[in-house]
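In: Give the three-dimensional model of this entry:
(chains A and B)
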There are 2 protein chains.
Amino acid sequence: MRLVFMLFPGITALDVVGPYEVLARLPGAEVVFAGLTRGEARTDNGCLGLMADAALEEALAADLLLVPGGFGTRALERDARVLDWVRAIDAGTQVTASVCTGALVLGAAGLLRGRRANTHWAVRERLAEYGVSPVAERVVRDGKYATAAGVSAGIDLALALAEELAGRAVAQAIQLGIEYDPAPHLDAGDPLRAPAEIRDAVLARVRGRDAALKLQAG
Amino acid sequence: MRLVFMLFPGITALDVVGPYEVLARLPGAEVVFAGLTRGEARTDNGCLGLMADAALEEALAADLLLVPGGFGTRALERDARVLDWVRAIDAGTQVTASVCTGALVLGAAGLLRGRRANTHWAVRERLAEYGVSPVAERVVRDGKYATAAGVSAGIDLALALAEELAGRAVAQAIQLGIEYDPAPHLDAGDPLRAPAEIRDAVLARVRGRDAALKLQAG
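Out: I've put the predicted structure just below:
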């Protein structure tokens, strides 16, 4: 079972590390982190480097592809090399997955046209730009495509995939191994339950930064 | 607000990336990843490299120190250089935190003697080796020390610290930004609720690997 996790500049680290921490524990998993270049990809805030052991073209075969999100996906949506690679590797996958704005990369590659999918709540309406039906569910499955909501939702997506790929007992053992019994002490993780002023502030910040990146991407 | 996240060979990536993803969003946060050496630290399964931008001795001042876990902590517990560094940086922190077996490093440094703390459930009884009272709670606070249960518990710990350090509205905005509204479809994340045979299998695997590493550490 070969798992390819995409890396790129401007990634949100938890988008990829959450699913990796679950799926790398599958029996027989062979994990490859593939980046635009080999070497370090810095996160969206510049604070952390994640190492790509392969360049995209060195990872062309996968049973499972996961495309994470982060503000860096705005540039990827216009990057023909990236979209060609995504289409090429997707042709051989059993499951193609995304977390957060990774869904917009799958969308830009044309893979989700006519399908249901989700992404980060603050940019969910952008899925329609690629002919995708936005669905406000934490994990959305349509055919072999599995798309998660924002950032931390990748852990829930990966646990569901773990059960699908290796059975319930394996998924339970992984959940227990990472002690995934979440208990946030606040209840603001969903835009429908967060205080309105908090939701509006986060929305304005995300859309402002995304709009600036869209201008840069040209 | 200077946040130092420790890296080391054999780290569990989610232990550090979960809290980082929350705490790096604090207003004014200055984030430093500090490793045994500058450069790449590979995870416990060897699959992922995380970049340390500083060596330990280059990060001696922090408002918040976070020591993550992973099988690699077994060697750190005997590493005088690491323990000296932990004690030195702890002397100036407002909060010293750990995730998973990071608590055993704080324990080995003598910082938790006589205190309550938690770590990964499968090695919880080891806290007593360092004069620490094991507590089976997801996040344990004793004075300025905040210790989380295994791996994914670091996200809950960080959300609690975010509220403490920057107030409820900031913590809510961070929770919404990372869409932290967890919804695992299985309920095996706690050893008291996981099926007994799953619990026994995970326990045997963790203890077996830890015992081998203890032998190696001498």
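
In: Just confirm A:Cys100 is within a strand.
Out: No: counting by DSSP: H, G, I helix; E, B strand; the rest coil, A:Cys100 is located in no strand; its state is coil.

In: can you tell me the helix or strand for the residue sitting furthest away from the middle of chain A?
Out: Centroid-distance maximum for chain A: A:Glu197 at 27.0 Å, with C-alpha atoms, centre = their mean. Counting by DSSP states H and E, the element that carries A:Glu197 is helix A:196-217.

In: can you list the residues that contact that helix?
Out: A:71, A:74-75, A:77-78, A:120, A:122-123, A:188, A:191, A:194, B:169, B:172-173, B:176-177 (C-beta atoms under 8 Å, 6 or more residues apart in numbering or on different chains). From N, CA and C alone the C-beta is placed, and that goes for glycine too.

In: Tell me the gap between that helix and the middle of its chain.
Out: 19 Å (C-alpha atoms, centre = their mean, to the nearest Å).

In: Next: stretch A:46-53.
Out: The answer for stretch A:46-53 is 16 Å, by C-alpha atoms, centre = their mean.

In: buried residues in that stretch?
Out: Residues A:Cys47, A:Leu48, A:Gly49, A:Leu50, A:Met51, A:Ala52, A:Asp53 are the ones in stretch A:46-53 that count as buried (16 or more other C-beta atoms under 10 Å in any protein chain shown).

In: and what of stretch A:69-87?
Out: A:69-77, A:79, A:82-83, A:85-86.

In: can you pull out the strands in chain A?
Out: Assigned by DSSP state E, chain A shows strands spanning A:2-6, A:30-35, A:39-42, A:49-52, A:54-55, A:64-67, A:95-98, A:116-117, A:133-134, A:139-142, A:145-148.

In: Indicate which one of these is closest to chain B.
Out: Closest to chain B of these, according to C-beta to the nearest C-beta: strand A:49-52, at 3.2 Å.

In: Just the CA atoms of the closest one, as CSV, please.
Out: Provided in CSV are the C-alpha atoms of strand A:49-52 (Å, rounded to 0.1, in the frame of the first residue of the first chain):
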residue,chain,number,x,y,z
GLY,A,49,9.8,23.1,7.3
LEU,A,50,8.5,19.7,6.2
MET,A,51,10.9,17.5,4.2
ALA,A,52,9.8,16.2,0.8
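
In: Give me the average confidence score over that strand.
Out: For strand A:49-52, the mean per-residue pLDDT is 98.

In: With distance to chain B as new columns, can the strands of chain A be given to me in a markdown table?
Out: Putting those into a markdown table (distance: least, C-beta to the nearest C-beta, whole Å) gives the following:
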| stretch | distance to chain B |
| --- | --- |
| strand A:2-6 | 8 |
| strand A:30-35 | 4 |
| strand A:39-42 | 6 |
| strand A:49-52 | 3 |
| strand A:54-55 | 12 |
| strand A:64-67 | 13 |
| strand A:95-98 | 14 |
| strand A:116-117 | 15 |
| strand A:133-134 | 14 |
| strand A:139-142 | 8 |
| strand A:145-148 | 9 |
